[in-house]
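> This is the structure alone, sequence omitted:
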Ligand code: HEM
């Protein structure tokens with residue numbers, strides 16, 4: 001903190017009126033009675049700084065332990081850590097709307113997408129149209145395409161059907177961040193535009209990942225401190241990112257143009273669906289620029305999040321061998337072949353697999369930042385506090401998922417907490433479910449939730465069917481793990497380390513694979 005107090009000291013000397021504003025903020029301001037870090041009380045710079053450092057989520061959790069269930073995290077911001085606040089905020093119909101921070105993400109005035117639309121009528125229309133593309137029927141029709149890419153993923157990890165015959169059979173260590181990102185971007189390319197970006201098989205479009213990373217880094221800071229956008233810091237901080245962003249926009253622009261000029265119904269992708277989709281009540285559809293805005297958003301929303309989830313699953317399964325063994329037993333006794341693994345009663349019966357996924361998203365939510373909501377006229381009552389109009393409020397998913405009252409022993413990966421058993425009564429599972437919010441809740445909750453579960457279930461089950469895997473040994477195997485003695489929140493060796501910038505950035509874990517003897521031929525013949 002000392003590092004950031006010097007610039008503030010300088011600023012206060014050159015702008016003495018700032019001192020008066022800060023004194024007001026810590027004394028007479030309507031939120032002055034709430035505890036929190038001193039810098040957060042006087043400036044949104046606190047949120048932006050920790051977001052740039054990728055640790056606002058861990059700082060929020062630490063703050064709750066230090067200051068209690070309500071923390072002031074900006075001059076006009078309160079973050080809550082209770083299940084009642086979670087439900088009261090995100091299920092509220094008229095009490096809140098998305099905060100102004102979301103507006104900083106729009107590329108031009110008025111160019112909202114379903115995620116950035118603050119106005120509830122604009123959002124309702126976009127969501128209604130989009131929901132048609134996320135129906136169970138559409139997603140199920142897409143599953144064979146997804147499975148094609150998942151099979152490429154597993155084949156790459158196995159290398160050859162009988163590689164296990166060689167030496168000890170283990171592959172070199174693979175960086176699961178890269179492998180998962182490549183898979184999920186290819187899947188989202190197909191889902192959105194009917195074309196894979198081919199990141200799994202070629203390097204040409206690998207810049208996409210860095211371009212999206214640069215975009216979300218910048219957006220993460222601006223959401224916390226909207227005034228930063230006027231300083232044009234991206235030109236200074238993300239120069240390489242700007243160049244890649246340009247390439248990214250060109251690629252996406254080309255895909256949109258190609259899809260618009262292709263024969264109608266030539267593809268079974270979300271784009272062809274959205275081109276024709278109409279609001280059932282008004283008959284209104286998306287304009288070309290709206291289609292463009294939605295496509296760009298959906299790539300990030302779908303690919304970055306699911307790939308973080310998949311990577312985290314590999315981290316936890318290789319950190320907890322007993323959980324890995326249980327999952328292996330479930331998958332290998334439920335199915336009779338790898339190609340049988342797809343949505344259906346057998347996959348739905350894999351309760352341990354689903355529990356491993358939910359526990360991963362509890363431990364390391366792929367969207368770990370607080371989803372700020374602005375209080376609407378009339379204010380809102382939360383945990384016996386009346387919060388007036390205009391203030392930003394939220395519950396941090398990472399912090400609430402590590403609230404010890406809701407999730408005892410919260411930093412231990414325990415898929416069993418999601419399964420009713422003699423040691424874990426139904427009420428305990430229901431209590432855990434009630435506060436579980438990786439996809440958020442209410443009208444602004446994730447539209448792609450079912451698709452995300454399908455991707456994660458199919459990918460993990462097929463990987464476990466065809467391969468054995470383990471964490472790389474030595475220092476390589478520690479990449480992405482917390483470090484003893486590191487800053488509070490970064491010190492747990494069995495916790496996957498996320499850098500939160502709206503979506504999450506990460507590196508590793510490095511994992512080695514070995515094909516199961518006699519099972520790979522089927523996969524390599526496909
Ligand atoms: C594990 C994977 C995923 C997680 C954890 C996740 C999480 C979330 C969260 C927390 C939100 C709310 C954001 C906010 O309030 O600001 C959201 C919104 C959204 N997500 Fe996801 N998501 C995932 C995968 C996907 C996928 C695969 C898609 C699409 C293919 C998708 C599409 C969307 C859309 C369209 C919204 C905006 C909803 C609205 O405002 O109406 N997500 N997601």
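Yes, it's here. In this text the structure is predicted, and so the values were computed from the model without any measurement. Residues are numbered from 1 along each chain as shown.
> what about residue 78, which SS state?
Using DSSP: H, G, I helix; E, B strand; the rest coil as the criterion, the local structure at residue 78 reads strand.
> tell me which parts of the stretch 51-200 of the chain are close to the ligand?
114, 115, 127 (CB under 6 Å from any ligand atom). C-beta coordinates here come from the backbone N, C-alpha and C atoms, glycine included.
> So, low pLDDT: which residues of this structure?
1-14, 160-167, 234-241, 263-268, 526 (pLDDT under 70).
> Residue of it closest to the ligand, please.
residue 448 (2.1 Å; CB to the nearest ligand atom).
> roughly how far out does stretch 303-323 sit from the chain middle?
13 Å (CA atoms, centre = their mean, to the nearest Å).
> quick one: which of the residues of the stretch 51-200 of the chain next to the ligand is most hemmed in?
Taking other CB atoms under 10 Å as the neighbour criterion, residue 114 ranks highest of these with 23 neighbours.
> Helix or strand for that one, just tell me which one.
Using DSSP states H and E, residue 114 falls within no helix or strand.
> list the contacts for it?
123, 126, 127, 130, 294, 297, 447 (CB atoms under 8 Å, 6 or more residues apart in numbering).
> Check the gap between the fourth one and residue 366 for me.
Read that as residue 130. 20 Å (CB to CB, to the nearest Å).
> still on that earlier bit, counting neighbours, what do you get for the residue of the chain closest to the ligand?
By other CB under 10 Å, neighbour count at residue 448 equals 22.
> Ok, the one 5 residues further on next?
Residues within reach of residue 453, counting by other CB under 10 Å, total 19.
> Which one of the residues of the stretch 51-200 of the chain next to the ligand is nearest to residue 481?
Closest approach between these and residue 481, by CB to CB: residue 115, at 31.3 Å.
> ok, for the closest one, nearest residue in space, not its chain neighbours?
residue 297 (5.4 Å; CB to CB, 6 or more residues apart in numbering).
> Not counting residues beside it along the chain, what's closest to residue 38?
residue 26 (7.5 Å).
> Helices of the stretch 251-400 of the chain, start to end?
270-276, 288-299, 305-319, 321-334, 345-348, 351-363, 397-401 (DSSP state H, counting those that start in this stretch).
> Pipe those into JSON lines and attach distance to residue 204 and mean neighbour count per row.
Below are those laid out as JSON lines (distance: least, CB to CB, whole Å; neighbours: other CB atoms under 10 Å):
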{"stretch": "helix 270-276", "distance to residue 204": "21", "mean neighbour count": "20"}
{"stretch": "helix 288-299", "distance to residue 204": "16", "mean neighbour count": "20"}
{"stretch": "helix 305-319", "distance to residue 204": "19", "mean neighbour count": "25"}
{"stretch": "helix 321-334", "distance to residue 204": "34", "mean neighbour count": "15"}
{"stretch": "helix 345-348", "distance to residue 204": "34", "mean neighbour count": "12"}
{"stretch": "helix 351-363", "distance to residue 204": "31", "mean neighbour count": "22"}
{"stretch": "helix 397-401", "distance to residue 204": "35", "mean neighbour count": "25"}
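> before we move on, back to that, return the closest of the contacts of residue 114 with respect to residue 420.
Distances from residue 420 to the contacts of residue 114, taken by CB to CB, are shortest for residue 447, at 29.4 Å.
> dump the residue contacts of the residue of the chain closest to the ligand.
So residue 448 contacts 134, 298, 301, 302 (CB under 8 Å, 6+ apart).
> Just the residues you listed: which are in strands?
Using DSSP state E, the subset of these located in strands is empty.
> Give me the buried subset of those residues.
134, 298, 301, 302 (16 or more other CB atoms under 10 Å).
> show me where the stretch 351-500 of the chain has strands.
373-375, 380-382, 385-387, 392-395, 467-471, 499-501 (DSSP state E, counting those that start in this stretch).
> I'd guessed residue 438 sits against residue 366; true?
Yes: if you go by CB atoms under 8 Å, residue 438 and residue 366 touch, sitting 6.7 Å apart.
> need the contacts of residue 114 in a markdown table with distance to residue 86, can you?
Listed next are those as a markdown table, based on distance: CB to CB, whole Å:
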| residue | distance to residue 86 |
| --- | --- |
| 123 | 20 |
| 126 | 25 |
| 127 | 21 |
| 130 | 24 |
| 294 | 28 |
| 297 | 24 |
| 447 | 20 |
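> any idea which of the buried ones among the contacts of residue 448 is closest to residue 96?
residue 301 (20.9 Å).
> quick one: contacts for the closest one?
Counted by CB under 8 Å, 6+ apart, residue 301 has contacts 115, 446, 448.
> re earlier: any idea which element the residue nearest to residue 38 lies in?
helix 16-27.
> Surely the residue nearest to residue 115 and residue 113 touch.
Yes: the criterion here is CB under 8 Å, and residue 297 meets it with residue 113 at 4.5 Å.
> how about the residues of this structure that lie near the ligand?
Residues of the chain lying near the ligand (CB under 6 Å from any ligand atom): 114-115, 127, 298, 301-302, 305-306, 309, 366-367, 371, 438-440, 444, 446-448, 451-452.
> Tell me the buried residues in the helix or strand hosting residue 521?
Taking DSSP H and E as the definition, residue 521 sits inside helix 520-525. Residues 520, 523 are the ones in helix 520-525 that count as buried (16+ other CB under 10 Å).
> Which other helices and strands does that helix contact?
On a contact count with 3 or more CB pairs under 8 Å, 6 or more residues apart in numbering; DSSP states H and E, helix 520-525 meets helix 136-158.
> now the angle between strand 467-471 and the helix it packs on, please.
Interaxial angle of helix 136-158 relative to strand 467-471 (axes from the mean of the first three to the mean of the last three CA atoms, to 10 degrees): 70 degrees.
> got a list of contacts for the following helix or strand past helix 136-158?
As assigned by DSSP H and E, the chain's next helix or strand after helix 136-158 is strand 174-175. With CB under 8 Å, 6+ apart as the test, strand 174-175 has contacts from 157, 479, 507, 508, 509, 510, 511, 512, 513.
> at 6 Å what do you get?
Applying CB atoms under 6 Å, 6 or more residues apart in numbering, the contact partners of strand 174-175 are 508, 510, 511.
> Next up, the contacts around residue 106.
112, 116.
> tell me the contacts of residue 451?
With CB under 6 Å, 6+ apart, residue 451 has these contacts: residue 139.
> switch to 7 Å and redo it
Each residue near residue 451 by CB atoms under 7 Å, 6 or more residues apart in numbering is listed here: 134, 139.
> Repeat that for residue 309.
Contacts of residue 309 (CB under 7 Å, 6+ apart): 360, 361, 366, 452, 456.
> name the helices or strands packed onto the helix holding residue 26?
helix 2-14, helix 38-42 (3 or more CB pairs under 7 Å, 6 or more residues apart in numbering; DSSP states H and E).
> Would you mind putting the residues of the stretch 51-200 of the chain next to the ligand into JSON lines with distance to residue 475 alongside?
Converted to JSON lines, those look like this (distance: CB to CB, whole Å):
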{"residue": "114", "distance to residue 475": "43"}
{"residue": "115", "distance to residue 475": "38"}
{"residue": "127", "distance to residue 475": "46"}
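> Among those, pick out the one closest to residue 172, please.
Checking those one by one against residue 172 (CB to CB), the nearest turns out to be residue 115, at 38.3 Å.
> From residue 300, how far out is that closest one?
9 Å.
> burial measure for residue 35, as a count.
Residue 35: 13 neighbours (other CB under 10 Å).
> The residue nearest to it when sequence neighbours are not counted: neighbour count?
Of all residues not flanking residue 35 in the chain, residue 67 sits nearest, at 4.0 Å (CB to CB, 6+ apart). Other residues near residue 67 come to 16 when the count uses other CB under 10 Å.
> Pretty sure residue 67 sits against residue 36.
Yes: taking contacts as CB atoms under 7 Å, residue 67 lies within contact range of residue 36: 5.9 Å.
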